[in-house]
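1. Just a sequence and a predicted model for now, questions to come.
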Amino acid sequence: MKMKKIKFLLLGLLVSLSMVNCSDDLDDVIRPASNLEISEFIYRGLNFWSLYKADVPDLANDRFESDAERAAFLEQFESPEATFDGLLSPNDRFSIIRDDYIELENALSGIRRSTGMRFALFNDPSGNGNVFGLVRFVINNSPAQDAGVQRGMIFTGIDGVQLTSNSDLGAIFAQDAYTINLADYDANTEVFTLNGTDITLNQVELTINPVHTARTLSIDGEQIGYLHYTGFTNEFDDQLNNAFAQFQADGITDLILDLRYNGGGSIETANDLSTMITGQFNGELFIRQTYNEDRNPDNQFDRLFNSNIGNGNSGAAINSLNLTRVYVITTGSTASASELILSGLDPYIEVIQVGTTTSGKFEGSFLLYDSPNFRRTDDINPNHRYVMLPLVLRSVNANGLTDYFDGFTPDIQIAEDFSNLGQLGVQGEPLLDAVIDEILLGRRPSTDVETRELPAVFYSDQNDILYQRMMNE
């Protein structure tokens with residue numbers, strides 16, 4: 001009898017321990033968020049911060065009489081992405097949502113998954129339905145550079161298959177590895193011919209220094225600075241500042257800022273770069289950031305020309321050139337923070353734009369997480385990793401300029417010719433030569449240059465999670 005009692009007690013103890021352990025395990029398991037839960041976060045964030053809130057009746061503060069009515073409205077959307085798209089204004093061309101904030105955070109710090117080959121795809125001029133690729137530049141210290149890829153290379157196939165207008169381009173170039181099939185182009189016959197050279201490229205995580213090329217050109221006794229800058233990534237502000245220190249030491253009198261492939265990034269870095277170019281306007285307004293009607297009274301912010309890297313006085317002293325004129329090379333890929341350089345400097349110095357018309361993005365963003373104040377550090381919802389990057393602010397320059405949807409039109413119009421790209425920062429490159437002619441001779445380029453930008457059907461940067469974004473940092 002006593003043994004039965006002992007066995008019963010032991011069995012009860014084991015059951016109790018098992019229940020405790022199961023309870024602990026349940027506490028450790030993340031409960032996947034429902035679509036409605038994520039949609040509630042999306043609605044709350046856009047209702048609070050969206051720059052174009054006034055354009056979307058469903059985001060009006062008095063749209064719903066109860067939480068239940070709002071929930072019923074949100075349940076009609078089949079996915080968080082559908083909810084997000086359904087709450088955007090037609091004027092909003094750039095807001096995005098992603099299901100993993102880690103990926104976005106890495107991108108903001110300059111970490112990208114890439115082969116290092118930056119390219120554009122175009123329709124075959126013959127109209128045969130084929131597509132060809134053109135290498136625009138190669139990221140330094142990347143697999144593409146190691147493999148011998150060079151600016152100006154043309155490819156017509158991937159992995160031995162001809163690219164066409166029906167190809168799934170996004171999927172093809174998202175592969176972990178692929179082989180480009182190089183071709184030559186005959187401008188007289190407009191025919192592409194495979195030349196037998198194939199290059200295999202691997203996607204890796206790259207930390208990309210946007211200061212791609214910085215050099216001083218000594219031409220006819222003049223010292224001309226040239227900077228090919230590919231993204232406003234504030235983790236590399238010191239490297240950018242160092243480039244200007246070298247320009248100072250070289251005694252340059254003119255600067256060519258090449259932003260032709262720069263889709264933007266940090267507003268603060270754009271502010272600092274503008275001060276590096278100038279330096280004589282400390283304390284003056286660079287741009288004003290304005291928000292939607294609800295948020296603007298508490299958040300409107302003036303960014304000023306200043307003398308230190310970063311927002312405040314704790315960063316390194318900015319190396320300024322005190323120029324009264326700058327030459328900026330642009331294309332349709334020049335966007336957001338790059339356009340801030342044109343807008344922010346125009347009230348103060350002569351900005352001579354060379355190339356083709358810019359994208360037309362004057363709005364900025366910051367990340368919204370599912371937490372009470374939308375910040376990563378404040379009790380973030382552990383049940384999902386969705387994050388929004390909506391348009392929340394518009395930039396206004398010292399003259400009141402904003403809403404430049406159509407972009408900035410160049411003073412000297414000249415487009416890249418895919419059959420004659422030249423090398424970035426080297427004389428013989430047509431856009432660079434046009435600027436040098438302007439600096440030395442005050443002469444516009446001859447009328448036989450290409451002035452129509454060939455429309456691309458795909459850019460490698462489209463796979464970049466921060467493609468044409470402007471960040472409020």
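-> Okay, I see it. Numbers count the residues shown, from 1 in each chain.

2. how many neighbours does residue 56 have?
-> Using other Cβ atoms under 10 Å, residue 56 has 19 neighbouring residues. In short, each C-beta sits where N, CA and C put it, glycine included.

3. Spit out the contact partners of it.
-> With contact taken as Cβ atoms under 8 Å, 6 or more residues apart in numbering, residue 56 is in contact with 46, 50, 87, 88, 89.

4. State the pLDDT value of it.
-> On pLDDT, residue 56 comes in at 98.

5. same deal with residue 221?
-> The model's pLDDT for residue 221 equals 92.

6. Longest strand in the chain, by number of residues?
-> Longest strand in the chain, counting residues (DSSP state E): strand 191-202.

7. Please identify the pairing partners of it and their relative orientation?
-> Here strand 191-202 has these sheet partners by DSSP bridges: strand 177-186 (antiparallel).

8. which residue ranges form the helices in the chain?
-> 2-28, 35-49, 67-74, 80-86, 101-108, 143-146, 169-172, 237-250, 267-277, 296-299, 337-345, 430-441 (DSSP state H).

9. Of those, which is nearest residue 182?
-> With distances scored as Cβ to Cβ, the stretch of those nearest to residue 182 is helix 143-146 (12.9 Å).

10. quick one: average confidence on the closest one?
-> Per-residue pLDDT over helix 143-146 has a mean of 98.

11. what's the offset of it from the middle of its chain?
-> Its chain's C-alpha centre and that of helix 143-146 lie 22 Å apart, by Cα atoms, centre = their mean, to the nearest Å.

12. Same question for stretch 123-130.
-> That offset, for stretch 123-130, works out to 29 Å (Cα atoms, centre = their mean).

13. follow-up on the earlier one: out of the contacts of residue 56, which are buried?
-> Applying 16 or more other Cβ atoms under 10 Å to the contacts of residue 56, the neighbour count classes 46, 50, 87, 88, 89 as buried.

14. Could I get the buried residue list for the longest strand of the chain?
-> For strand 191-202, by 16+ other Cβ under 10 Å, it's 192, 199, 201, 202.

15. And those, which is closest to residue 128?
-> residue 192 (9.9 Å).

16. how close does that closest one get to residue 148?
-> As for residue 192, its distance to residue 148 is 20 Å (criterion: Cβ to Cβ, to the nearest Å).

17. cool, residue 74 as well?
-> 52 Å.

18. quick one, which of those two is more surrounded?
-> Shown here are residue 74 and residue 148; by other Cβ under 10 Å, residue 74 has more neighbours (22 against 10).

19. Was I right to think the more buried one contacts residue 83?
-> Yes. Under the contact definition of Cβ atoms under 8 Å, residue 74 touches residue 83, with a separation of 6.2 Å.

20. can you list residues touching both of these two?
-> Shared contacts of residue 74 and residue 83 (Cβ under 8 Å, 6+ apart): 39, 43.

21. returning to what we had before: now tabulate the helices of the chain in CSV and tack on distance to residue 93.
-> Listed next are those as CSV, based on distance: least, Cβ to Cβ, whole Å:
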stretch, distance to residue 93
helix 2-28, 42
helix 35-49, 15
helix 67-74, 24
helix 80-86, 12
helix 101-108, 18
helix 143-146, 29
helix 169-172, 18
helix 237-250, 28
helix 267-277, 18
helix 296-299, 21
helix 337-345, 14
helix 430-441, 26
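
22. weakest of those by average pLDDT?
-> Looking at these, the bottom one is helix 2-28 with a mean of 39.

23. List the residues that contact residue 306.
-> 271, 272, 275, 282, 283, 313, 318.
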